[in-house]
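*Asks:* Okay, sequence plus prediction incoming.
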Amino acid sequence: NQAFINNEWYELYGFMESLKIKRNVLLNPGPATTTDTVKMAQVVPDICPREKEFARLMKDLRSDLLNVVHAPDDEYSAVLFCGSGTIGIDVCINSLLPENKKLLIVNNGAYSQRAAEICEYYGLPYIDLRFPIDALPDMQTLQKTLEENPDVAVVYSTHNETGTGILNPIREIGALAHRYGAISVVDTTSTLAMRPIDVQEENIDFCMASAQKGLMAMTGLSFVIGRKDVIEASKAYPKRSYYCNLYLQYEYFEKTGQMHFTPPVQTIYATMQALKEYFAEGEEEKWARHTRAFEAIHRGLSALGFRDVIKREWQAGLVVSVLYPDDPNWDFEKIHDYCYERGFTIYPGKISATDTFRLCALGAIDAPDIEAFFVVLREALARYHVRVPVVYKE
Ligand SMILES: *Cc1c(COP(=O)(O)O)cnc(C)c1O
């Protein structure tokens, strides 16, 4: 028996040794660079997720998620879904609108635009309150719109518009929503578990994220955190989706502790490990680390002469949107490929009229990774004869 255990141990040791997973630094806006311990947490014995053991795991996971945003568990619930982050937007929009009421979308970027498109697809009445993508939404316009439209029941906004990196004033938006009798739904997919969030302080009734961004786990698990009284009231609202209805999923969790349909089993194990690492690192310490990476991105960009799209003081501290230089030799694809081959992933922008790329401070990275990236970026610029400092027409 002893020999067997040793053999097994050596086998496992050999397996771990042979893995030596290459470490890529992802500077794209998620999925993020993960730790090896999170990667390995997915390698588990096969289990049927309908076992009591698995239900216990999900109970802990949901309560950990509430703790990440300081949501009291007697008032809030974390409801899990199998899907990428967009499922959270879909779920909130299709589930939380009472009959004969309207949604109001505070729209200043690609992700709030996605919410507007979801309203279109469901044929829901909504107000698309558009603001320039490189500016903060105007609170007076929001207030006036709410005053003039007493049938708005849901005010929807995006915390960090990941396309540009602008930080929206969700606390003020939520306060206005509440003053006019609406709930505040916030897409926190690219801030949750990075920027510290206290749902009650931020006037958030519902927020959402996916496991692959702030939590630094894997793709395939997303969640909505929201007020139980509102979810329970939503039982009476029109049901517009079968798979993505918030009340139905919540009710199933309440009854059985499980997801209605098959959960992403291995991703859940990875997320449990990621949460363990999140609490071990600490909310403030983790945010300080992302801030170090963000500042290193700015240092590196300034040294090369690159310009930001969004005013620095409006940036959420996680995504930097950078203008393409006006240099005939600049070719994003070539620069991308050069960096990619050396373990660094950069990402094109999401701004229709302007050519931009993005560098993000998400994931299990720190300032030295960013510094190493800028060594490679400088090489890439030299290799393709892009002038440094980079040039802009005006
Ligand atoms: C990443 C992200 C999403 C979700 O995108 P998926 O590709 O569906 O994972 C939603 N909202 C914001 C603000 C995001 O940054």
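*Replies:* Structure's in. What do you need? Not measured: the values here are computed from a predicted model.
*Asks:* Need the phi and psi values for the residue of the chain found nearest the ligand.
*Replies:* Among the residues of the chain, G85 lies nearest to the ligand; the distance is 2.5 Å by C-beta to the nearest ligand atom. Where C-beta positions appear, they are placed from N, C-alpha and C, glycine not excepted. Per-residue torsions, G85: phi -50, psi -30 (degrees, to the nearest 10).
*Asks:* Excluding chain neighbours, what is closest to it?
*Replies:* For G85, the nearest residue in space outside its immediate sequence neighbours is S210; the separation is 3.7 Å by C-beta to C-beta, 6 or more residues apart in numbering.
*Asks:* Pretty sure that neighbour sits against M218.
*Replies:* No: with contact taken as C-beta atoms under 8 Å, S210 and M218 are classed as non-touching, separated by 9.6 Å.
*Asks:* And these two? Which one has more around it.
*Replies:* S210 (28 against 23; other C-beta atoms under 10 Å).
*Asks:* mind listing what that one touches?
*Replies:* Contacts were defined as C-beta atoms under 8 Å, 6 or more residues apart in numbering; by that measure S210 touches G30, S84, G85, G88, T189, T219, L221, S222, F223.
*Asks:* Which strand or helix spans the fourth one?
*Replies:* This points to G88. helix 86-95 (DSSP states H and E).
*Asks:* Could you export that helix as CSV, CA atoms only?
*Replies:* Taking C-alpha atoms only, helix 86-95 is exported to CSV below (Å, rounded to 0.1, in the frame of the first residue of the first chain):
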residue,chain,number,x,y,z
THR,A,86,-22.9,39.0,-21.6
ILE,A,87,-25.4,36.5,-20.2
GLY,A,88,-25.5,38.7,-17.1
ILE,A,89,-26.6,41.7,-19.1
ASP,A,90,-29.2,39.5,-20.9
VAL,A,91,-30.5,38.1,-17.7
CYS,A,92,-30.9,41.4,-15.9
ILE,A,93,-32.6,43.1,-18.9
ASN,A,94,-35.0,40.3,-19.8
SER,A,95,-35.9,39.5,-16.1
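*Asks:* Distance from the chain centre to the helix or strand that that helix is followed by, please.
*Replies:* Beyond helix 86-95 on the C-terminal side, the first helix or strand identified by DSSP H and E is strand 102-107. With C-alpha atoms, centre = their mean, to the nearest Å as the basis, the distance from the averaged C-alpha position of strand 102-107 to the chain average is 20 Å.
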